[in-house]
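1. Next input, structure requested:
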Amino acid sequence: MRNIAGEFLEINRKERVQTPSLEISYRSAVERIGDFEEVNLPLTPEQAMYEASRCIHCPDPAACMRACPAHNDIPSIMWLISQGQFLEAAKLYRQASSLPEICGRVCPHEQLCQGSCPQSKHGDPVATGALETFVMDYQRKFGEIDTSVAEAKNQKVAVVGAGPSGLSCADLLAKEGYAVTIFDANPQPGGLLVYGIPNFKLNKDVVFARIDDFYRMGVKFVGSTLIGKEKTVDDLLKEGFQAIYIAVGTLIDAPMNVPGEDLSGVYKGTEFLIRNNVNPDILPKDFREKSPPGKKVVVIGGGDTASDCLRTALRMGSEEVTCLYRRTEKEMPGGAKDRKLAREEGAEFQFLTQPVRFVPGKGGRLAAVECVRMELGEPDESGRRRPVPIEDSDFIVEADTAILALGYWPDETIVKTTPGLETHKWGLIVTDPETGATSREGIFAGGDVVTGPDLVVTAMAAGRKAAESIIAYLKTKGK
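-> As a prediction, the model looks like this:
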């Protein structure tokens, strides 16, 4: 049992179990589809203390800690919040996480810490996600973010990719005094936190504030530079970088490979989100023009990107927005909370539906999507039941816009220009799972480019683990 305070030994678990959860409040659906602002209503200090007091402080190791990829000490944090010690709680979050203000907003808590809470057996789990967001925002407003670093070391590290994994690796390296430079193909750092996740889920100002912390720690950023094209990994080594962390993610939209995919009105999910959710001032020049959807929009896919596209289209004024998914809702990989919010905002869902052709209309623009009905067969390699077409079940869905949110592949630019870098599965980089070391000495990798598309928090955790390995490696090289 933890001992942040002696009161831990006096917890009345029965009383806490019987304490009803605070209803996490959202802005009304009518209000929130009128803008791109965050949908959650922030907690008050009193609400935060109340909700945190519902934690029953399970014995070590608590289920919520085991379920959190960052292994945050959530029971101790809940105790601190319940006592009104918000700044101390925020500091504890930062001990295990480089991006807590972001993870509090975008993690699928119902599948991780929150979903493992024993309170779920009796009622609602403790709202750990909302509490993490509250204390990190409180620290940003009323406290200080520690950006102190150790004495400078005469060793340079290059981080390739300015998303959650690259930033988190840079965080630990900079704190230890290493000279860190982050390279990224986009004009600004942040990766999918800026160029992928919509503002209504993650306010860009939250990301920019955290990135400013990195600048204060001395981290350098080189944007609009695609490693593997403008310069290679070996070029970086020649420039004096003694270790390299590759965290370029998987941001190539998977194609659908059906007739009509190249029609006007058919968009890739990432491009649609980037064009319509990011300030044009920080976009590459060829992405600055918006891609406004038409009146009848279909989004194809079942992950978080699909939900983001549905909700973006609604905010841009589309009248009918429908998700087409080839399995049932039970098999959808995306977060249930986002689907609930999408439904409240007006999105419709058609399950067991597989598009097979995009149908052109006047002027060659998309007019409809031809689909077939599906049924579920035996499980595939992912463990989900395989969708099987039903014979003679073709039907037409009218649509003037289709958005493909089918998943992501890695960009092979960097691996194809790095001799000796071992890859597998469409270009994912092979690493030692304990250290992040690749087949090339001094080169490490982590995040989605190693695992395939995953969560922000898992990418963040991989970056921190790799940073520890890089520090150990550099110590063997001397100063």
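
2. Going by C-alpha atoms from here, please, whenever you check contacts or count neighbours.
-> Fine.

3. Relative to the centre of the protein, find the outermost residue for me.
-> residue 392 (39.4 Å; C-alpha atoms, centre = their mean).

4. quick one, longest strand in this structure?
-> Counting residues, the longest strand found in the chain (DSSP state E) is strand 366-379.

5. Quick one: name whatever helix or strand follows it.
-> On the C-terminal side of strand 366-379, the closest following helix or strand by DSSP states H and E is strand 385-389.

6. List the neighbouring strands of whichever helix or strand residue 245 is part of plus their orientation.
-> Taking DSSP H and E as the definition, residue 245 sits inside strand 241-246. Strand 241-246 sits in its sheet next to strand 156-160 (parallel), strand 443-445 (parallel), going by DSSP bridges.

7. What residues sit buried inside it?
-> If you call a residue buried by 16 or more other C-alpha atoms under 10 Å, then strand 241-246 has these buried ones: 241-246.

8. Likewise for stretch 327-340?
-> 327-329, 332, 334-336, 338-339.

9. And the residues you listed, which two are furthest apart?
-> Spanning the widest gap among these are 327 and 338, at 17.7 Å by C-alpha to C-alpha.

10. Grab the nearest non-local neighbour of the residue farthest from the centre of the chain.
-> Closest residue to residue 392 apart from its sequence neighbours, by C-alpha to C-alpha, 6 or more residues apart in numbering: residue 372 at 7.9 Å.

11. likewise residue 63?
-> Per C-alpha to C-alpha, 6+ apart, closest to residue 63 is residue 116, 5.8 Å.

12. That neighbour contacts residue 67, doesn't it?
-> Yes. Because the distance of 6.7 Å satisfies C-alpha atoms under 8 Å, residue 116 is recorded as touching residue 67.

13. the more surrounded of those two?
-> residue 116 (21 against 18; other C-alpha atoms under 10 Å).

14. List the buried residues in the helix of greatest length in the chain.
-> Scanning the chain for the helix with the most residues, using DSSP state H, yields helix 456-477. Residues 456-471, 473-474 are the ones in helix 456-477 that count as buried (16+ other C-alpha under 10 Å).

15. give me phi/psi at residue 323?
-> phi -90, psi 130 (degrees, to the nearest 10).

16. Quick one: residues contacting it.
-> Taking C-alpha atoms under 8 Å, 6 or more residues apart in numbering, we find residue 323 in contact with 298-302, 306, 310, 347-350.

17. how close does it get to residue 400?
-> Distance of residue 323 to residue 400, given as C-alpha to C-alpha, to the nearest Å: 14 Å.

18. do residue 136 as well
-> In this view, residue 136 and residue 400 are 42 Å apart by C-alpha to C-alpha.

19. who's more crowded, these two?
-> Neighbour totals were compared for residue 136 and residue 400, and residue 136 leads with 25 against 22 (other C-alpha under 10 Å).

20. Next, the buried residues of the host helix or strand of that one.
-> Assigned by DSSP H and E, residue 136 belongs to helix 128-142. Along helix 128-142, these residues count as buried under the neighbour rule (16+ other C-alpha under 10 Å): 128-140.

21. Export the residues you listed to TSV and append columns for pLDDT and distance to residue 262.
-> TSV is the format used below for these (pLDDT from 0 to 100; distance: C-alpha to C-alpha, whole Å):
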residue	pLDDT	distance to residue 262
128	96	43
129	95	40
130	96	41
131	97	45
132	98	43
133	98	41
134	98	44
135	98	46
136	98	44
137	98	44
138	98	47
139	98	48
140	98	46
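
22. a markdown table for those, including distance to residue 451?
-> Converted to a markdown table, the buried residues of helix 128-142 look like this (distance: C-alpha to C-alpha, whole Å):
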| residue | distance to residue 451 |
| --- | --- |
| 128 | 26 |
| 129 | 24 |
| 130 | 27 |
| 131 | 29 |
| 132 | 26 |
| 133 | 27 |
| 134 | 30 |
| 135 | 30 |
| 136 | 28 |
| 137 | 30 |
| 138 | 33 |
| 139 | 32 |
| 140 | 32 |
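
23. hmm, back to that, and the longest strand of the chain, what's its mean pLDDT?
-> What strand 366-379 shows for mean pLDDT is 96.

24. Kindly report the same for stretch 116-125.
-> Averaged across stretch 116-125, pLDDT comes to 87.

25. Give the buried residues for that stretch.
-> For stretch 116-125, burial by neighbour count (16+ other C-alpha under 10 Å) applies to 116-119, 124-125.

26. what's the span of that stretch from first residue to last?
-> End-to-end for stretch 116-125, by C-alpha to C-alpha: 8 Å.

27. Likewise for stretch 54-68?
-> 19 Å.

28. can you give me how far it is from the chain middle?
-> From the chain centre to the centre of stretch 54-68 is a distance of 23 Å (C-alpha atoms, centre = their mean, to the nearest Å).

29. Spell out which residues sit in contact with residue 50, please.
-> Residue 50 is in contact with 22, 82, counting by C-alpha under 8 Å, 6+ apart.

30. after the helix or strand harbouring it, next one along is what?
-> Using DSSP H and E, residue 50 sits within helix 45-52. Using DSSP H and E, the helix or strand that directly follows helix 45-52 along the chain is helix 63-67.

31. Name the residues of that next one that come out as buried.
-> Under the neighbour-count criterion of 16+ other C-alpha under 10 Å, helix 63-67 has 63-67 buried.

32. other SSEs contacting it?
-> Packing partners of helix 63-67 (3 or more C-alpha pairs under 8 Å, 6 or more residues apart in numbering; DSSP states H and E): helix 113-116.

33. again, 10 Å this time
-> In terms of contacts (3 or more C-alpha pairs under 10 Å, 6 or more residues apart in numbering; DSSP states H and E), helix 63-67 is packed against helix 74-82, helix 113-116.

34. of all the buried residues of stretch 116-125, which two lie farthest apart?
-> 116 and 124 (11.1 Å).

35. Identify the spatial nearest neighbour of residue 271, chain neighbours not counted.
-> The spatial neighbour of residue 271 that comes closest, neighbours along the chain excluded (C-alpha to C-alpha, 6+ apart), is residue 287 at 7.8 Å.

36. for the one you found, what are its contacts?
-> Residues in contact with residue 287 (C-alpha atoms under 10 Å, 6 or more residues apart in numbering) are 271-272, 274-276, 278, 280.

37. And residue 289, by the same measure?
-> Counting by C-alpha under 10 Å, 6+ apart, residue 289 touches 275-276, 280, 283.

38. can you give me the helices for the stretch 151-300 of the chain?
-> Here the stretch 151-300 of the chain has its helices, by DSSP state H, counting those that start in this stretch, at 164-175, 192-195, 204-216, 233-238, 269-277.

39. Of those, flag the one that's most buried.
-> Highest mean neighbour count of those: helix 164-175, a mean of 28 (counted as mean count of other C-alpha atoms under 10 Å).

40. From the contact counts, what lies against it?
-> strand 156-160, strand 179-183, helix 204-216, strand 241-246, helix 456-477.

41. Find me the pLDDT at residue 13, would you?
-> 67.
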